[in-house]
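> build the 3D model from these lines:
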Amino acid sequence: MRLSSIFLITCLLVLNSGCAWLSKQADPTARMSAEELYATAKESLEKNDYEVAIQHFESLEARFPFGRHAQQAQLEIAYAYYKSGESDSALAALDRFINRHPQHPHADYAWYMKGLVNFNRGASFLDRLFPRDATERDNRAALQAFQDFSELLRRYPNSRYAEDASLRVVFLHNGLARHEINVAEYYIRRGAPVAAINRARFVLENYQRTPAVADALVVQVKGYRMLGMDSLAKDALRVLRMNYPEHAFFDGQADGNTVRPTTTGFSL
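Got it, this is the predicted structure:
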C-alpha cells in the first residue's frame, strides 16, 4: 500500500474518532443508564420543558428499547406531546403504545389519555380568545373522545380512571345531543324543515336520556308546522307538553324559529 493511502486512512480514522468523542461530549446523557436518563427526562417534564423531555424520552426508547423504562417513556412522550399542544403526535404515541402493549398494566391510562386529548382538542386559538359553546364547533373530536372513554369503561370497568371517564361520557353524550339540536335550529332558520326534523328524530332515537330531547320535540313542532303537517305537529306538541310541561316554548319565550335550549351549554 502506498504511503499516501496509509496516511489518508489514518486521517479518516482519527477524524471519525474525534467526531464520536465530540458527539459524546455534546450530549450530556450519552453515558447515562436507563434509570438516569428516565429521571432526567422526568425532571424536564415536571419543569414543563416538554421539548427537552420528548428528546430525552425518545433517546431512552432508542437506546434501551426492551427495558421497562422504555415502555413508560412511550406514555410519558404522549403526555408531553399533549401538554405541548401537539394532539396528533400524542394520539399517535398512544396508539403505538396500545398496539405494542395491549396487556400492559397502564393500558387503561393510555385509553384515558386518548379520550382526554380528543376531549380538549376541539378548542382552537380563537375559541380560547373568544369562548363559545363547544356544541357549535365541529363535533368530530368530541365524538372520538366519547368513543375513547366508552372503550376505557368497556375494557377496564374497575380502572382508577373509570369514575372520571364516566362523568366525561355523560357530559359528552349531552353535548353531542346539543350539537344535533344546534344543527337542527340552523336548518329551521334556513327554511329547511325536513332536514331539521330528521336531525330532531336522530336525537330522539339516539340521545333519549339527554336534556336535548325536549328541544328536539320543539324542532319537530316547528318543522311540521312549516310543512303544513298540523297533525304531526300536534302529536309532537302533545308529547312535549306531557313530558316537559314547563318548557319555555309554552311560555312564549321561544321567539320565531329559534328553540330556547334547556341546558347551560357544553363547554370543554
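> by contact count, what packs against whichever helix in the chain runs longest?
The longest helix of the chain (DSSP state H) is helix 162-189. Where contact means 3 or more CB pairs under 8 Å, 6 or more residues apart in numbering; DSSP states H and E, helix 162-189 is packed against helix 107-120, helix 140-155, helix 193-206, helix 212-226. All C-beta atoms are positioned from the backbone trio N, CA, C, and that covers glycine.
> closest one to residue 39 among those helices?
Residue 39 lies closest to helix 107-120 among the helices and strands packed on helix 162-189, at 20.0 Å (CB to CB).
> dump that closest one to CSV, restricted to CA.
Taking Å, rounded to 0.1, in the frame of the first residue of the first chain, the C-alpha atoms of helix 107-120 are listed here in CSV:
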residue,chain,number,x,y,z
ALA,A,107,-53.0,0.4,29.1
ASP,A,108,-56.1,1.9,30.8
TYR,A,109,-54.2,5.1,31.3
ALA,A,110,-53.4,5.1,27.5
TRP,A,111,-57.1,4.9,26.7
TYR,A,112,-57.9,7.5,29.2
MET,A,113,-55.2,9.8,27.7
LYS,A,114,-56.7,9.3,24.2
GLY,A,115,-60.0,10.4,25.5
LEU,A,116,-58.5,13.4,27.2
VAL,A,117,-56.6,14.5,24.2
ASN,A,118,-59.7,14.4,22.0
PHE,A,119,-61.8,15.9,24.7
ASN,A,120,-59.6,19.1,24.7
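> how about that helix: buried residues?
Neighbour counts over helix 107-120 (16 or more other CB atoms under 10 Å) mark 107-119 as buried.
> pLDDT and distance to residue 229 added to these, as CSV?
Converted to CSV, these look like this (pLDDT from 0 to 100; distance: CB to CB, whole Å):
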residue, pLDDT, distance to residue 229
107, 96, 52
108, 96, 50
109, 97, 52
110, 97, 50
111, 97, 46
112, 98, 47
113, 97, 48
114, 97, 44
115, 96, 41
116, 96, 45
117, 96, 44
118, 95, 39
119, 93, 40
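> which one of those sits closest to residue 237?
Closest to residue 237, out of all of these and judged by CB to CB, is residue 119, at 36.5 Å.
> let me see the contact set for that closest one.
Residue 119 makes contact with 141-142, 145, 149, 168, 172, 268, according to CB atoms under 8 Å, 6 or more residues apart in numbering.
> leaving out chain neighbours, which residue sits closest to the residue nearest in space to the middle of the chain?
The residue lying closest to the centre of the chain (CA atoms, centre = their mean) is residue 118, at 0.4 Å. Distance criterion CB to CB, 6 or more residues apart in numbering; nearest residue to residue 118, sequence neighbours excluded, is residue 145 at 3.7 Å.
> okay but that neighbour is in contact with residue 165, surely?
No: between residue 145 and residue 165 there is no contact under CB atoms under 8 Å: 9.9 Å.
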